[in-house]
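Participant: turn this into a model:
(chains A and B)
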Amino acid sequence: MFKGALPGFRDFYPQELAERAHIMRIWREVARRYAFVEYDGPPLEPLDLYTKKSGDEIVGQLYNFVDKGGREVALRPEMTPTVARMVAARANALRKPVRWFSMPQLFRYERQQKGRLREHYQLNVDLFGTSDIAADAELVACAVDMMRAFGLESSDVVVRVSDRRILHAFLRSLGVAEEAIGGVYGVIDKLERTPAQVSGEKLAALGVPAQAIERIITIASVTFDEVQARIGASSAAEQVEEFARFLRYVPALLGGDARWLQLDLSIVRGLAYYTGIVFELFDRSGEFRAICGGGRYDNLLKSLGGADMPALGFGMGDVVLGELLRSRGLMKPESTAADVWLGAAESVPLEQVMAEAARRRGAGESVEYALRTQSMSKQRKAAQASGAREFVDLSNDGNDGRNG
RNA sequence: GUGGCUGUAGCUCAAUUGGUUAGAGCACCGGUCUGUGGCACCGGGGGUUGCGGGUUCAAUCCCCGUCAGCCACCCCA
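Facilitator: Below you'll find the predicted structure:
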């Protein structure tokens, strides 16, 4: 017996491919509703496209090698550098805002576990060239609408949203020193997975005032009212007002449904390049990893050496989403069965069956038949097992019928 | 990369303290049933028990290594 797929890679048998196709069909359908247009880039990129953004450490998580032309290359682990390059190359020619989406297969060399493989398909939806908070709302609403299109409801999924600038101002107001902000982000990012006492000790080590430590440990429960009270009149007043609009815009885009959003300042999303709104979608049961994550990254294009253009986007992978849909009985792949199964008595020449198959196939029908003469009961059984919608008996005309 | 748990047919599982030729259901293939049966019955293919060593008269079972899966770290672009 030969071995299976490489660790972290998947064989897509027809059943699995139908499920993947279902996910991608919904992604594409909803993205188009929001007037995003599809693009793609190469799966293989120059290695330095990624090291430039993330440093050399990222090489440990890449599938990289030297190609036969001596180039350092890597399978793409993410789409952002590629799309940043593509947008930058035509920055002046593209109509703004640029609304693009893609569904690339991405690769990362990591130890696999549930919800994390070494390859996956990830929807990327991005907006370039607009600073307005309405764009942020549009993006979040699009992600939520995808959940709805899959049959998920606000009782299943929640959007936990934060804002880098508000979190920064909030922490400063608590007396956190500017130099300690980065370290505090790191602690907040791990709050859910760390005992409170350990987090407290780490914060103390960063020089965070004692009375601020408790508030930071429970920062996930901070309400917007509290944010307004604490920093609404500070230098961050403008950001707070902007966030208030965001909190109105998203429900407006969802037809008045305000149940999806939840302010959660503990959402940090790594320590990466986000500059404003950051958000993640979770199943409310807490059973799975984040379904989707994204935010605003206004400085990234410039830092990659491209155009200086505000940008925001999110990514949604097929693995966690698929696990969630299956667990909720919402994975409804399209049928792979044929439209028609042609049967005929053993006295009927195969050519006659083939001629009918040709006629129907020419008309766009999906047609299967026995590929040899066979007893009628055998053919009926095969037709039934195939799931074909209709069984047509060519032995005597007028004997067509539903299959099964 | 680190640690823990687990590996028997395509799937779900058996196999006496270590003891004949490793079994069953489902699935698959062939056949019977000429009547609408996702029936029934008969038959068949499919396993180096993940792989490699070791202990033993004898290993699916015990020990070591390795690979793979799951989980927790790391990381999450």
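Participant: quote the end-to-end distance of stretch A:284-298.
Facilitator: 30 Å (C-alpha to C-alpha, to the nearest Å).
Participant: next one: stretch A:82-96
Facilitator: One end of stretch A:82-96 sits 19 Å from the other (C-alpha to C-alpha).
Participant: list of residues touching that stretch?
Facilitator: Contacts to stretch A:82-96, defined as C-beta atoms under 8 Å, 6 or more residues apart in numbering, come from residues A:39, A:41-42, A:45, A:49, A:76, A:98, A:100, A:102, A:104, A:124, A:126, A:128-130, A:300-301, A:304-307, A:309, A:311. (C-beta placed from N, C-alpha, C; glycine too.)
Participant: tell me the pLDDT at whatever residue of the stretch 151-300 of chain A ends up closest to RNA strand B?
Facilitator: In the stretch 151-300 of chain A, no residue comes nearer to RNA strand B than A:Gly270, which is 2.8 Å away by C-beta to the nearest atom of the strand. Listed pLDDT for A:Gly270 reads 72.
Participant: one more: A:Val198?
Facilitator: Confidence score, pLDDT, at A:Val198: 86.
Participant: what helix or strand does it sit in?
Facilitator: Taking DSSP states H and E as the criterion, A:Val198 maps to helix A:196-205.
Participant: what helices and strands are in contact with that helix?
Facilitator: In terms of contacts (3 or more C-beta pairs under 8 Å, 6 or more residues apart in numbering; DSSP states H and E), helix A:196-205 is packed against helix A:181-189, helix A:210-217.
Participant: contact partners of that helix?
Facilitator: If you take C-beta under 8 Å, 6+ apart as the criterion, helix A:196-205 is touched by A:183-184, A:187, A:190-191, A:210, A:212-214, A:216-217.
Participant: now, of the residues you listed, which are buried?
Facilitator: Neighbour counting with 16 or more other C-beta atoms under 10 Å marks A:183-184, A:187, A:191, A:212-213, A:216-217 as buried within the contacts of helix A:196-205.
Participant: now these as TSV including distance to RNA strand B and pLDDT?
Facilitator: Formatted as TSV, the buried ones among the contacts of helix A:196-205 follow (distance: C-beta to the nearest atom of the strand, whole Å; pLDDT from 0 to 100):
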residue	distance to RNA strand B	pLDDT
A:Gly183	12	88
A:Val184	15	92
A:Val187	11	90
A:Leu191	11	88
A:Ala212	23	92
A:Ile213	19	93
A:Ile216	18	94
A:Ile217	17	92
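Participant: show me what counts as buried in stretch A:367-378.
Facilitator: So, applying 16+ other C-beta under 10 Å, buried residues of stretch A:367-378: A:367-370, A:374.
Participant: in strands, which of these appear?
Facilitator: Using DSSP state E, A:367-369 are the members of those that sit in strands.
Participant: picking up where we left off before, can I get the buried ones among the contacts of helix A:196-205 in CSV including distance to A:Gln61?
Facilitator: Converted to CSV, the buried ones among the contacts of helix A:196-205 look like this (distance: C-beta to C-beta, whole Å):
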residue, distance to A:Gln61
A:Gly183, 23
A:Val184, 25
A:Val187, 23
A:Leu191, 24
A:Ala212, 34
A:Ile213, 33
A:Ile216, 30
A:Ile217, 30
